[in-house]
Structures are given as C-alpha cells and as structure tokens.
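# Could you work out the structure for the sequence below:
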Amino acid sequence: MNQKRIFFTVTIILTLLLTTSGIVNLVLYRYANQYYLQLNMTRLDPLGLIFYEPSDPPVNELDQQKTRVVFFGDSRAYQWPKPQNLNQFVFLNRGIGAQTSTQVAERFEKHIVPLHPDILVVQACINDLKTIPLYPHLKHQIIDTCKANLKQIVEKAGSQGTTVILTTVFPLGELSVERRLFWSDEVGKAIVEVNEYIKTLQSETVVIFDTAAVLADQNGQIRAEYSFDLLHLNENGYLALNEGLEELLLKTGSEKAASVK
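Numbering: from 1, shown residues only. You can find the predicted model right below:
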C-alpha cells in the first residue's frame with residue numbers, strides 16, 4: 001500500500017514538473033520568436049517606414065474642417081484608442097511597437113509631415129530606458145538621447161505649425177518574474193529624470209500631459225486596475241487617460257482655431 005502511494009506521489013510530482021517545464025519552454029519560445037522577428041524586421045526596415053502606407057488614409061479625403069490629431073510614438077502610442085464623442089476632431093495613429101525614441105524621431109518626415117496634423121500626441125522613450133539594465137555604462141547616454149529626440153520632435157512639429165501634447169513617460173506596472181533578471185530600479189529613476197526634462201519643454205505650442213497624475217498609485221506604479229503588464233496599459237488605463245486628453249484637446253483645439261482667426 002505504501003509503495004503504491006509513493007509511486008502515485010512520485011508520478012504526480014514528475015507530471016507537474018514536466019508540465020511546468022513545458023509551459024516555461026513554451027513561454028520562452030514565444031519570447032524568443034517575438035524578439036527574433038523584431039530583430040530581423042529592424043534589419044530590413046530600421047525606422048519602420050513600411051509600417052504605414054503613404055495613402056493610409058489619403059490626406060485629401062480627410063475632413064478639412066476638423067482638427068486633425070495624430071498619436072505618435074511607440075507601442076503605447078500605437079495602442080492608444082481615439083477619444084469618443086469629439087466629433088470636431090479626426091484621429092490618426094502613427095505609433096509603432098518596440099521603437100526607440102531615435103526611430104520615432106527619425107521617421108517624423110515620412111509619417112507625420114504628410115499628414116499636416118494640427119495636434120501631435122507624443123508618447124516615447126520607454127524602449128530606450130528599459131535597456132539600461134543591459135547597458136548600465138550607457139545610462140547617461142541613453143537618457144540624454146531620449147531628451148534630445150523629444151526636443152527634436154517638438155521642434156520639428158513646431159516648424160510646421162503643429163501643437164504638441166507631450167505626454168510624460170508612463171509609470172511602470174508590477175515587475176513580472178521573467179523580467180527580474182533583466183531589470184533594475186535604475187529604469188524607474190531614469191523615467192523620473194526624463195519626465196522632469198519633458199516638463200521643461202512646455203511652451204505656447206507644447207502642452208505637457210502628466211500621465212502619472214492619472215495612472216499612478218501612491219507608490220508611483222501604474223494602478224492595478226489600469227495595468228496590462230510592466231510596460232503597457234489595459235483598456236481602463238487608456239479610458240482614464242482619455243478623460244484628461246479630451247480636456248486638453250478641447251482647450252488646445254479652440255486656442256488653435258482662435259489663433260487662425
């Protein structure tokens with residue numbers, strides 16, 4: 001009887017170990033495959049210029065009477081849904097997942113200039129800053145590059161008469177187990193530094209949207225109800241952001257209309 005019980009227990013333990021191993025391997029394979037595809041696509045198209053067709057959408061088919069708003073940046077911008085019930089605005093998206101601030105800045109002429117936006121909503125830099133644990137000796141260079149690219153985007157937008165709603169880098173969510181080996185507290189510190197710099201760029205044509213004021217809890221992390229993972233928001237997070245964004249759009253849109261008159 002005892003032998004049967006031992007055999008049964010061992011069988012269960014081995015089954016659990018094999019199942020766990022299989023799940024871990026599957027997760028690792030998916031991550032490896034994702035990054036392998038991203039790496040090779042970046043080799044083929046370093047700036048992601050083919051991500052959007054030039055005729056998507058045809059600019060001449062857009063309602064010229066509406067204020068044109070474009071979301072621009074990385075995956076956080078790409079996933080940002082357009083606010084509802086703002087019929088006087090037309091929304092376009094030129095975000096691309098996994099892009100650094102350099103990639104975002106360098107495709108401005110290709111993806112933004114032809115659209116002639118009235119307002120540009122920018123969210124960028126997290127893909128730069130999350131590499132700091134991998135290259136700690138480059139920390140200051142990475143941060144300075146983010147600052148320079150954001151300034152470049154703002155200046156380019158201003159040169160074509162576009163108002164920028166420059167969003168601070170979103171706060172971080174809960175650190176997952178699989179990221180612990182490739183993470184450090186320096187990322188959060190770098191986000192704070194870049195966000196402080198972002199606030200210095202405020203001007204008559206640059207509006208700062210402090211996303212932490214909407215998303216963060218008392219510890220400075222994304223509230224659990226708004227978080228999808230360490231770096232991304234869920235639907236509720238974007239709904240909360242859009243409440244604040246709608247106010248900024250209405251104010252900025254009316255000010256631009258008044259300046260035209």
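# Follow the chain on from the lowest-mean-pLDDT helix or strand in the chain and name the next helix or strand.
Least confident helix or strand, the chain: helix 2-44 with a mean of 74, by mean pLDDT, DSSP states H and E. Per DSSP states H and E, helix 2-44 leads on to strand 67-73 as the next helix or strand towards the C-terminus.
# mind listing what that following strand pairs with, with the direction of each?
Using DSSP bridges, strand 67-73 pairs in its sheet with strand 89-95 (parallel), strand 119-123 (parallel).
# need those in TSV with mean neighbour count and distance to Asp74, can you?
The way it works is simple: take the backbone N, C-alpha and C, and place the C-beta from them, glycine included. Putting the strands paired with strand 67-73 into TSV (neighbours: other C-beta atoms under 10 Å; distance: least, C-beta to C-beta, whole Å) gives the following:
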stretch	mean neighbour count	distance to Asp74
strand 89-95	20	6
strand 119-123	25	7
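# Now tabulate these in JSON lines and tack on mean pLDDT and distance to Lys156.
Conversion of the strands paired with strand 67-73 to JSON lines gives the following (pLDDT from 0 to 100; distance: least, C-beta to C-beta, whole Å):
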{"stretch": "strand 89-95", "mean pLDDT": "97", "distance to Lys156": "13"}
{"stretch": "strand 119-123", "mean pLDDT": "98", "distance to Lys156": "9"}
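# among those strands, which is nearest Asp63?
strand 89-95 (5.7 Å; C-beta to C-beta).
# what pLDDT, on average, does whichever helix or strand comes after the closest one get?
The first helix or strand that comes after strand 89-95 along the chain, using DSSP H and E, is helix 101-106. Averaging pLDDT along helix 101-106 yields 98.
# So what's the residue count around Val104?
Residues contacting Val104 under the criterion other C-beta atoms under 10 Å number 30.
# tell me the phi and psi of the nearest residue to it once chain neighbours are set aside?
Nearest residue to Val104 in three dimensions, chain neighbours excluded: Ala124, at 4.8 Å (C-beta to C-beta, 6 or more residues apart in numbering). When quoted as degrees, to the nearest 10, the phi and psi of Ala124 stand at phi -150, psi 170.
# Now do the same contact list for Ala124.
Applying C-beta atoms under 8 Å, 6 or more residues apart in numbering, one finds that Ala124 lies in contact with Phe72, Gly73, Asp74, Ala77, Gln99, Ser101, Val104, Cys146, Asn149, Leu150, Ile153, Val169.
# Was I right to think the fourth one contacts Gln123?
It refers to Ala77. Yes - contact criterion C-beta atoms under 8 Å: Ala77 and Gln123 qualify, at 4.4 Å.
# Quick check: neighbours shared by these two?
Listed as contacting both Ala77 and Gln123 by C-beta under 8 Å, 6+ apart are Phe71, Gly95.
# The residue positioned nearest the centre of the chain: helix or strand, and which one exactly?
With distances taken as C-alpha atoms, centre = their mean, Arg76 lies nearest the centre of the chain, 2.5 Å away. If you go by DSSP H and E, Arg76 is part of helix 75-78.
# Could you report the distance from Gln79 to Phe8?
48 Å (C-beta to C-beta, to the nearest Å).
# Looking at these two, which one has more neighbours?
Set Gln79 next to Phe8 and count neighbours by other C-beta under 10 Å: Gln79 wins out with 19 against 10.
# Wait, the more buried one touches Glu235, no?
No - with contact defined as C-beta under 8 Å, Gln79 does not reach Glu235; the gap is 9.5 Å.
# Kindly point out which residues are neighbours of both of the two.
In terms of C-beta under 8 Å, 6+ apart, Gln79 and Glu235 are not both contacted by any residue.
# who touches the nearest residue in space to Leu201 that is not next to it in sequence in this structure?
For Leu201, ignoring the flanking residues on the chain, the nearest one in space by C-beta to C-beta, 6+ apart is Val154 at 5.6 Å. Contacts for Val154 (C-beta under 8 Å, 6+ apart) come out as Val122, Val164, Leu166, Leu201, Val206.
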